[in-house]
Structure formats: C-alpha cells, structure tokens
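Student: Need a 3D model of the following:
(chains A and B)
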Amino acid sequence: MTMRMTTPLPHGGRLVERVVTDPVLAKKLAKGCPVYDIKPTVNEKGVPVRNVYREIMSICYGFFSPVEGPMGSAELERVLNERRLLNDWIFPFPLLFDLSQEDYKKLGVGPGDRLLLRLKGKPFAVLDISEVFVVDDREAMAHRIFGTPENNPEVVKEPFDKKHPGWVIYKCHNPVMLAGKYTIINPPTFKPPFDRFWLPPRQSRAEYAKRGWRTVINHQTRNVPHVGHEFLMKNAAYTGDIEPCNGIQVNAIIGVKRRGDYPDEAILEGHEAVNKGGYIKPERHIVTFTLWDMRYGNPLESMLHGIVRQNMGCTHHMFGRDHAAVGEYYDMYATQILWDKGIPSFGFPKSVCEVPYGLQIRPQNMAEFWYCPKCNEIAYSGSCGHSKEKQKFSGSFIRGMVAEGIYPPGVIFRPEVYEVVVKWWKKFNYPFCNEAYVKRVEEELEINLPDLDV
Amino acid sequence: MAKKFAVLLDDKRFSSVKGSGLEDKIDFLFGGALKAFIMDISEDEAKKIMNTFDTARVDSRGYITDTPIAFNRVLFEEIAKAKSLGGEVIGAVLKREKEIKDMAAKESDFLPAPEI
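Tutor: Numbers count the residues shown, from 1 in each chain, chains lettered A, B, ... in the order given. I've put the predicted structure just below:
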C-alpha cells in the first residue's frame, strides 16, 4: 500500500500550454491573417453573459487541459452524449467559438485558415481553424448540456429556463462555430488586484513543489468568505494521506457576475484576508483564480472544477451542498452523487474518479457548518446533535446584513474580511455587483494588452 | 409552507424598541453576537412578498431573504409602530409598496458605505 499521495498528472496526461511570448514569432503567426474582434455573448436584453476571451485564456494556460481549442461537431456531440472528448478524457461542457452569420460571411474563412483574434482593439490570439459548422437550435443544445428531468432523473429536478445563467449562455451563442486550436500571441497582463492571484497550472505546480506541499485541497469560491467557509476549509483539510493536507488552495471563478454577487476584487482580497489575518496561516493557504463565465451546472460544473484543480496540482477537492448551483434545477447533493457513485444518465455509472479516463483528484464531500448555541461553537452538521438549535450561515442573510450596514460580528465575518468588503464598497459605491459594476467589468475586462504591431 | 423573516437589530434599532414590550421577542443569534426579531410569515404573506419584490427568495433555512433594503427598513418601522410581530405588520408594509420600490430603485445604484 502506498501511504503517501503524490501530485496527480494533469487531466489528459500533459499540460496544454499554447502561449507565445516571443513577439517575433507572434508577428509571424499573425501575419496576413483575417481579423476578428472578440465580442461578448449577450442575452436577449443585450446584457453580456460571457466573453470567450476567458475560455481562450483558460485553454491556452492549461486550466482546461487537455482541451486545446474550440470543439468541432463530432466532439460537441460526444460531450453532449457522453461527457467525453474525442480522445476519451471526460469533460463536462462544450467549449465553442461562435460567430453570427453576418460576421462569418464578412470573414470568409474556412478549414485550414488562421484567424487573428483581437481583444480591446489589440492582437490577442490566433485560431487555426479545422472545421466550420452550424448549430441551428442552441436552445436544444442548452437543454442537452444541462439535462432534463426526463433524461436525467437522478439529479435534474426542474426544466432549465431563462432564469438559469448557464443555460442562457449556451442559448445565446451565435449559430456558426469555428473549431480548431487557439494560441495566445500577446499575453495579457492582469490589472491589480488580479495580478497577484494569477497562478496558472505550470506555476501553481511549481509553487506547491517549492512549498513542499505534497497534498493540496481546493476550495471553490465565488463568494467573500464568511466564517462558515473558513471552517469548511480548515476541517476539510484534515483529510490528506498520513497527515492533513499540506496546503489549501482557494480558486475563485472570475467571470461575468450576477447582480447581488460580491465584486471579484472583494472575493479575492477577502480570501487573502483570511490568511493575512492568520485565521489560516499563509504558509498553508493560497488564493488563486480561474477565468470562466460560470455555467452554474452543479454536478457538471464540479467536474470542470475537478479538472481545473487537478491541472493546478491539487490532490483533493472539497464539495459541499448545492455546489456551483443556482435555483433548484438540480438535486442539492447532485455534485456529491457524481463524485460518490456517478450519474449514469450523464455517462458516469461510477464516480468520475473511477471511470476510465476519469479524474485523479479525490473528492472530499462535506456537509455543512453551522453555529450551535448549545455547543457554543461552529459545529459540523455531521457531528453536532443539536440540529433544532442550529443557526445556519446563510449567504443571502449575510448579504442582507452587509447591505443594511450592520457591522457583522466576528463569528460571521472576520473583521479583516469585512474591511475588504467595505474597501471595495467605497470604490464601487455599492457592496455587491450592480448593473454599473457588471457593465464596467465587461467593458474593461480584468486584463490589459500590450501593444503588438502585426 | 410558512416562512420566517429575520429583522436585524443594530444598536439604534435596539434602543428604539426599549420599553415597547418587544424586548422579550428578541432572538439572540450566534452566541448573542446578533439581535433580531424572527417573524413567522404565513404562506399567503410569503407569496405576496415574493410576488411584489422580484429579488426576494427563500433561503436554505426557510427564511425570506434578498428583499430590498428599503423593505427591511419599512418592516422595522411598522413593527416599532404596531409594537407587534403579527401578520398585520406585513399588511402595513405591503401597503407601502410604491414607496419601497421607489427607494429600492435608488438603492440599486448607490448604498453609502459604513465608516469602520
């Protein structure tokens, strides 16, 4: 028996890295290419719901290894039917490069062509096109992606509709799909505070090796951490091999926000405040992020999270109730079901760790933490026998308290974390994402691009 | 199913209900770190609140949350006026729907940050 775990291989066996840092080579790659300016995907009201630049970044820096570019028609079908890539490795979502018919006609490109993708008016990446195809019924595609109560009765409770942000993203894709491989030719720089949390897989693996972290457990977040989150991190990290996990990685998903979410800046710095305040010492805790417009696909999203964090070098991933969920479309334990016994209708008769070409990262399925007035402590629901007396950490309750300007007690928010919330509240004149924030983020994005004359 | 609603009490609200007879109805949460009135909301009232304010939702505890801040403020005012946590308070709040929505529209653009 091997007692000590080792860093898992990347999903698919090797890290994808498709970033050119040599400007001479970049210019050579872009020379003479037709040009397309990346546009956000917008919903029926014209509000941005996705920007494909985030997918290009996550693919080219290896977060989504082994995917190298937008999927072709056969791969799309396989992902929809079996949640697998053509090379057999499991993958939950279609990743597509979509164009309107008008833009496609203007470009006049086809298989074998290279397209220069510009972002914010500057060269960003190239797409080597291998196929062009059309998806006429994107609403049907969206239903196939997320499932239906009829086809996926194990976990889907309600039909998906326009209230579900991930379903809307796919429904609002343009009809023409270009498949192929992306290469970033002009690596962007991140604006503060994002710059100090950017740790793509190659670097994260090197960092954890440098820190001597053999085992690392990931905490998924899209929230400023309250004390319940902190206890989840601390306690889930007791798993490991012969000792608790050496490191705790917080990986925030940064992308299009929903009204009422906390601003991205507050999420990242809020988690950092947990280690700066010593509640989990910085030697054991690191804050990072992945660019992705969240699909809120609960079990499917958790599979993507597993892939990203395995690629980053994590050995474990904590999963709670309602993981990456919105509304009541999925069973609240759908993610834990996927990682425990599998979801046959999604193509997994066993856990995604136990199927061929599956994941190596180990799940740590957790119940919840609450405040117990009888135990007089923050208690684990699996241990505490006072469920009648429990006082739950409800994110929406805490948001309400923040919005009313009530100073949250330390048992709910660490003062250092609340200071971060207020810092960004003053900057944006609002504690949460409102229309102005969402609009500004999607106009300005998280990055700047250097000049590159091609 | 009936729901609940937590009306948080900061120091200002707490002192304003002193002597009103409502002190006995205060719940002390999180080891006494938070004070609140926990109201029982009938199914009918819950439906009316949810239908009137589209951001409102029921959280995993069975509490109505995400109502406009103006709603929470008006709810406290009506509690203090009626010296009661009874159903009539919700009725009085819903009568002020327009006023709440007007205030909520302003609050969606700007909320003053607290000085800490």
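
Student: Report the contact partners of A:V216.
Tutor: A:208, A:245-249, A:313-316 (C-beta atoms under 8 Å, 6 or more residues apart in numbering or on different chains). Bear in mind the C-beta positions are built from the backbone N, C-alpha and C, glycine included.

Student: Could you list the contact residues of chain B toward chain A?
Tutor: B:6, B:8, B:10, B:29-31, B:33-34, B:55, B:57, B:59-61, B:63, B:65-67, B:69, B:72-73, B:108-114, B:116 (C-beta under 8 Å from any C-beta of the partner chain).

Student: Tell me the buried residues within these.
Tutor: Buried members of these, counted by 16 or more other C-beta atoms under 10 Å in any protein chain shown: B:6, B:8, B:29-30, B:34, B:59-61, B:63, B:65-67, B:69, B:72-73, B:108, B:111, B:113-114.

Student: And for the residue of the stretch 301-450 of chain A found nearest chain B, the neighbour number?
Tutor: Nearest to chain B in the stretch 301-450 of chain A, going by C-beta to the nearest C-beta, is A:P409, at a distance of 3.3 Å. Counted with other C-beta atoms under 10 Å in any protein chain shown, residues neighbouring A:P409 total 17.

Student: Now it: closest residue in space, sequence neighbours ignored.
Tutor: Using C-beta to C-beta, 6 or more residues apart in numbering or on different chains and skipping residues adjacent in sequence, the residue nearest A:P409 is B:A33, 3.3 Å away.

Student: shouldn't that neighbour be in contact with A:V411?
Tutor: Yes: using C-beta atoms under 8 Å, B:A33 is in contact with A:V411, at 5.1 Å.

Student: list the helices and strands the biggest helix by length in chain B packs on?
Tutor: Secondary structure of chain B read by DSSP state H shows that its longest helix is helix B:69-82. Applying 3 or more C-beta pairs under 8 Å, 6 or more residues apart in numbering or on different chains; DSSP states H and E, one finds that helix B:69-82 contacts helix A:395-403, strand B:3-9, helix B:11-16, helix B:87-95, helix B:97-107.

Student: need the next SSE after the shortest one, C-terminal direction.
Tutor: Tracing the chain C-terminally past helix B:11-16 and defining elements by DSSP states H and E, one meets strand B:26-29 next.

Student: Can you list the helices and strands that that following strand packs against?
Tutor: For strand B:26-29, the packing partners by 3+ C-beta pairs under 8 Å, 6+ apart come out as strand B:3-9, strand B:34-41.

Student: show me where chain A has helices.
Tutor: A:23-30, A:52-60, A:73-82, A:101-107, A:138-146, A:165-171, A:201-211, A:227-236, A:264-276, A:299-311, A:334-340, A:395-403, A:415-428, A:435-444.

Student: highest average neighbour count across those?
Tutor: helix A:299-311 (a mean of 26; mean count of other C-beta atoms under 10 Å in any protein chain shown).

Student: Output that helix as PDB - backbone C-alpha positions only.
Tutor: Taking Å, rounded to 0.1, in the frame of the first residue of the first chain, the C-alpha atoms of helix A:299-311 are listed here in PDB:
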ATOM      1  CA  PRO A 299     -22.500  18.400 -11.000                       C
ATOM      2  CA  LEU A 300     -21.200  19.300 -14.400                       C
ATOM      3  CA  GLU A 301     -19.600  22.400 -13.000                       C
ATOM      4  CA  SER A 302     -18.000  20.300 -10.200                       C
ATOM      5  CA  MET A 303     -16.400  18.100 -12.900                       C
ATOM      6  CA  LEU A 304     -14.900  21.100 -14.600                       C
ATOM      7  CA  HIS A 305     -13.700  22.300 -11.200                       C
ATOM      8  CA  GLY A 306     -12.100  18.900 -10.600                       C
ATOM      9  CA  ILE A 307     -10.300  19.100 -14.000                       C
ATOM     10  CA  VAL A 308      -9.000  22.700 -13.400                       C
ATOM     11  CA  ARG A 309      -7.800  22.000  -9.900                       C
ATOM     12  CA  GLN A 310      -6.200  18.600 -10.800                       C
ATOM     13  CA  ASN A 311      -4.400  20.500 -13.600                       C
END
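
Student: Run through the bridge partners of A:V216.
Tutor: As for beta bridges, A:V216 partners with A:G247 under DSSP bridges.

Student: mind checking pLDDT for it?
Tutor: We have a pLDDT of 98 for A:V216.

Student: Break down the stretch 51-200 of chain A into its strands, ranges please.
Tutor: A:97-99, A:114-119, A:122-134, A:176-184, A:189-190 (DSSP state E, counting those that start in this stretch).

Student: Appreciated, that's everything.
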